[in-house]
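> Predicted coordinates and the sequence they were generated for:
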Amino acid sequence: MSAIRFLTTVARSVYSKLFADPNVLKQICESIILPNLRVRDEDEEVFDMNPIEYIRRDIEGGDSDTRRRAAADLVKALTDAFETEVTAMFTGYVTALLQEHAADPVNGWRAKDCAVYLVMAVTVKGKTGERGATTTNRLVNISDFFTQQVLPELQNPQVNERPILKADALKFVTTFRSQLPSETLLALLQPITALLGSEHVVVHSYAATAIERFLALKENGRSKLAVSDVLKVAQQLLTGLFAAFRHADSAENEYLMRAIMRLISFLGAEMAPVAPMCLKALRDMLVEVCKNPKSPGFNHYLFESVAALIKHGVAADRSQLATFEATLFPAFDIVLANDVQEFHPYVFQILAQLIELSNPPLSAPYMAVFPPLLTPVFWERPGSVPALTRLLVAYLAKAGVGIAADGHLEAVLGVFQKLIASKANDQHGFALISGIMQHLPAAAYQQYLSTVWQLLFTRLQTSKTPRFTRGFVVFVSLAICKLGVAAVSSTMDAVQPKIMLMILQQVWVPSLSLVDGPDEDKLVAVAATKCLTESPDIFANRPLWEQLRAALDAKLKGTEVTENADEDGQEDALDAELAGGGYTAAYAKLANASMPERPVLGEIADPKQFAESTLANFLSRVGGGG
């Protein structure tokens, strides 16, 4: 392989003219490329005995150290250097290989396999994971090769015959999906669904991958396939995908589960009629896999599929929520009771998703789960912290008053204290305390605010980082917007008299440039406006007032005031991102269970207009100038 890579390097360099002689190209092709592209006995053995390794090498980019990949790279390099000559020469070899196969289809399948590999190597000039082949060799007629050589393999009703050729055909249509018309892709769904019935793991995995990639394909920002068209074969697709899990060695096949997840997301609300049936099937898989989780990819797509069903099924029919809860809760009980730690972050995210879709008051099963969530052992697992925080905030949004009335708020604040002291988790601490402030009446937490400020001030003094400072600035802004400047000032003064003025002057105003994002910018703009117009103490301190006014103007104009910016040492990347994580599995966020968007200060449509009008009214009252 080293020798082949050397030739590839030369072909891509200024010395490529060394290969310009047709006799040299012919010798390279016949002596090096074709022998190394042909499938060998060991390849067949891997295909049958270690299919996941075969897939990893063949379609997941894990073939960088294989002879077939090295030979294909040499073909690409030669084609780039001598496109017309090399394409014509390789077309001749492809024709010869196909003739060899036609003469003896039973025993000559290796020749056709080599021909497919050679065509793909010559044709693909550029590709992406999202779209497959994006740039192709204009001298190769992909359509003719697909119609004459690839389609017959896909349409062959004997799904277990010549499995490597079927895998080649599936790989071909997956690679060239962007080049094929949408009508062709739709027509292919039926024969590809039939191939889900193949007993060969590689074949039904490639079939699932083709379905998933077809559904994910976009053209001009829109799905290339229409939901209305796919809906006609959706039942067949679902039936075929779920049935494929019964194949030997595919009970936890991540390619099948990823295709199910994609199909649910693609169909969206159209999944509602069959959502309960699909959910039961997924629930049964979850219960089974709890016994011995061993495939992280499968597990992730399993929970993504559940989240997608909730997202689309309940959104289309809220009456299904109770059915979803009744189906999932027994499985979640098994996860938590058996302490299946790998699944905790997923279960917490989906519980949060269900709660966010619920109308208060929350049912007894939800409230029974809440107290154990405050147990310290859960919060000692870094992978669970983001999901647990999300879940607690969901509880606060739907049952915050009851949580406070039942005496759980101090325990929640204990969690906040633990999180805010950690450089790895302080952002989750801010999310939790912000959730308390956003969703509970002030009377429920006012008595604890001085302690909250004390904890935050201590962290500022002992281990301030840019991320913590940014979170602090946003939280102070939220507090000012929710409670008013006077209330925030009085709770801070309980820590130290007049400390709010010092915090504003030394931390808050100089750090406004760290804040980024439409919601955060809105909060700090409104908070700055309130500070300028609601506090006699701030107005009396003209240097601070002017500093604050300049920072507000800069924020509203989208610029930054940098001369007083926080110049603390840069936060070490490892400290920021990995502290506390060690070798523990990282948090895996579910895309289909993302938090719903909630308007920030919905009563204020335009922060700039609010600031300008409020300041103008204030200055007209006090008789001051801008």
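Arrived safely, thanks for sending.

> What helices and strands are in contact with the helix or strand containing E100?
E100 is located in helix 83-103, with elements delineated by DSSP states H and E. Helix 83-103 is packed against helix 22-28, helix 67-81, helix 109-123, with contacts defined by 3 or more Cβ pairs under 8 Å, 6 or more residues apart in numbering; DSSP states H and E. No exception for glycine: its C-beta is placed from N, CA and C like everyone else's.

> Tell me which of those helices sits nearest to R162.
helix 109-123 (5.3 Å; Cβ to Cβ).

> Now do the buried residues in the helix or strand following that closest one.
Past helix 109-123, heading to the C-terminal end, the next element that is a helix or strand (DSSP H and E) is strand 124-128. Applying a neighbour-count criterion of 16 or more other Cβ atoms under 10 Å, one finds V124 buried in strand 124-128.

> Tell me which strands strand 124-128 pairs with, and in which orientation.
strand 132-136 (antiparallel) (DSSP bridges).

> pLDDT averaged over the helix or strand following the partner strand, what's the number?
Toward the C-terminus, strand 132-136 is succeeded by helix 142-145 as the next helix or strand (DSSP H and E). Average pLDDT, helix 142-145: 94.

> ok, and what's touching helix 142-145?
Contacts with helix 142-145, where a contact means Cβ atoms under 8 Å, 6 or more residues apart in numbering, come from V119, T123, T136, F176, Q179.

> List the buried residues in stretch 288-299.
V289, C290, P293, S295, F298, N299.

> got the residues you listed as JSON lines, with pLDDT, secondary structure and distance to S477 columns?
As requested, the buried residues of stretch 288-299 are arranged in JSON lines below (pLDDT from 0 to 100; DSSP: H, G, I helix; E, B strand; the rest coil; distance: Cβ to Cβ, whole Å):
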{"residue": "V289", "pLDDT": "95", "secondary structure": "helix", "distance to S477": "44"}
{"residue": "C290", "pLDDT": "95", "secondary structure": "coil", "distance to S477": "43"}
{"residue": "P293", "pLDDT": "91", "secondary structure": "coil", "distance to S477": "42"}
{"residue": "S295", "pLDDT": "92", "secondary structure": "coil", "distance to S477": "44"}
{"residue": "F298", "pLDDT": "96", "secondary structure": "helix", "distance to S477": "43"}
{"residue": "N299", "pLDDT": "96", "secondary structure": "helix", "distance to S477": "39"}
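
> of all those residues, which comes closest to D229?
Proximity of the buried residues of stretch 288-299 to D229 was ranked by Cβ to Cβ; the top entry is F298 with 28.7 Å.

> Would you mind measuring from the closest one to N592?
According to Cβ to Cβ, to the nearest Å, F298 stands 16 Å off from N592.

> Please apply the same query to I260.
If you go by Cβ to Cβ, the gap between I260 and N592 works out to 12 Å.

> Name the residue in those two with the higher neighbour count.
Relative neighbour count places I260 above the other of I260 and N592, with 27 against 20, counting by other Cβ atoms under 10 Å.

> re the thing from before, pick the one among the buried residues of stretch 288-299 closest to I334.
Top of the list for closeness to I334, among these and by Cβ to Cβ, is C290 at 5.4 Å.

> ok, that closest one to Y346 distance?
Per Cβ to Cβ, C290 is found 11 Å from Y346.

> now swap in Q461 and tell me
Distance, Q461 to Y346, using Cβ to Cβ: 38 Å.

> now do N220
Remark: distance between N220 and Y346 (Cβ to Cβ) = 34 Å.

> which one of these two has more residues nearby?
For N220 and Y346, the more surrounded residue by other Cβ under 10 Å is Y346, and the numbers stand at 26 against 5.

> For the more buried one, what is the enclosing helix or strand?
Applying DSSP H and E as the criterion places Y346 in helix 344-357.

> Following element in sequence after that helix, please.
Going down the chain from helix 344-357, the next helix or strand is helix 364-373, by DSSP H and E.

> Tell me the gap between that following helix and the middle of its chain.
Averaging C-alpha coordinates over helix 364-373 and over its chain gives two centres that are 28 Å apart (Cα atoms, centre = their mean, to the nearest Å).

> buried ones in it?
Buried residues in helix 364-373, counted by 16+ other Cβ under 10 Å: Y366, V369, F370, L373.

> picking up where we left off before, give me the average confidence score over the helix holding Y346.
When pLDDT is averaged over helix 344-357, the result is 96.

> where exactly do the strands run in the chain?
Assigned by DSSP state E, the strands in the chain fall at 124-128, 132-136, 218-219, 222-223.

> neighbours around G517, how many?
Neighbours of G517 under the rule other Cβ under 10 Å: 11.

> re the thing from before, okay, the buried residues of stretch 288-299 in TSV with distance to S613 next?
Formatted as TSV, the entries for those read as follows, by distance: Cβ to Cβ, whole Å:
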residue	distance to S613
V289	58
C290	58
P293	57
S295	58
F298	56
N299	53
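
> remind me which residues of the chain are low pLDDT?
In the predicted model of the chain, residues 1, 61-65, 559-586, 624-626 satisfy pLDDT under 70.

> From the centroid of it, which residue is nearest?
The centre of the chain sits closest to A591, judged by Cα atoms, centre = their mean, with a distance of 5.2 Å.

> ok, it - contacts?
For A591, the set of contacting residues under the criterion of Cβ under 8 Å, 6+ apart consists of E304, A307.

> Near F457, how many other residues are there?
When neighbours are defined as other Cβ under 10 Å, F457 has 17 of them.

> next one: P599
Using other Cβ under 10 Å, the number of residues around P599 comes to 10.

> next one: stretch 395-412 to chain centre, how far?
Shown here is stretch 395-412, whose average C-alpha point lies 31 Å from the average C-alpha point of the whole chain (Cα atoms, centre = their mean).

> Can I get it in PDB? Just the C-alpha atoms.
Below are the C-alpha coordinates for stretch 395-412, written out as PDB (Å, rounded to 0.1, in the frame of the first residue of the first chain):
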ATOM      1  CA  TYR A 395     -40.500  21.000  36.600                       C
ATOM      2  CA  LEU A 396     -40.100  24.600  37.800                       C
ATOM      3  CA  ALA A 397     -42.000  25.800  34.700                       C
ATOM      4  CA  LYS A 398     -44.900  23.500  35.200                       C
ATOM      5  CA  ALA A 399     -45.000  22.900  39.000                       C
ATOM      6  CA  GLY A 400     -42.700  25.500  40.500                       C
ATOM      7  CA  VAL A 401     -45.300  26.800  43.000                       C
ATOM      8  CA  GLY A 402     -46.000  23.300  44.300                       C
ATOM      9  CA  ILE A 403     -42.300  22.500  44.500                       C
ATOM     10  CA  ALA A 404     -41.800  25.500  46.700                       C
ATOM     11  CA  ALA A 405     -44.900  24.800  48.800                       C
ATOM     12  CA  ASP A 406     -43.700  21.200  49.400                       C
ATOM     13  CA  GLY A 407     -40.400  22.500  50.800                       C
ATOM     14  CA  HIS A 408     -38.100  21.300  47.900                       C
ATOM     15  CA  LEU A 409     -36.800  24.700  46.900                       C
ATOM     16  CA  GLU A 410     -33.900  24.700  49.400                       C
ATOM     17  CA  ALA A 411     -32.800  21.300  48.000                       C
ATOM     18  CA  VAL A 412     -32.900  22.800  44.400                       C
END
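
> quick one: the helices in the stretch 451-600 of the chain?
466-483, 485-493, 499-503, 518-534, 536-540, 542-556, 573-578 (DSSP state H, counting those that start in this stretch).

> Ok, which of those comes nearest I433?
Nearest of the helices of the stretch 451-600 of the chain (Cβ to Cβ): helix 466-483, 6.5 Å.

> That closest one to helix 518-534, inter-axis angle?
Angle between the axes of helix 466-483 and helix 518-534 is 60 degrees (criterion: axes from the mean of the first three to the mean of the last three Cα atoms, to 10 degrees).
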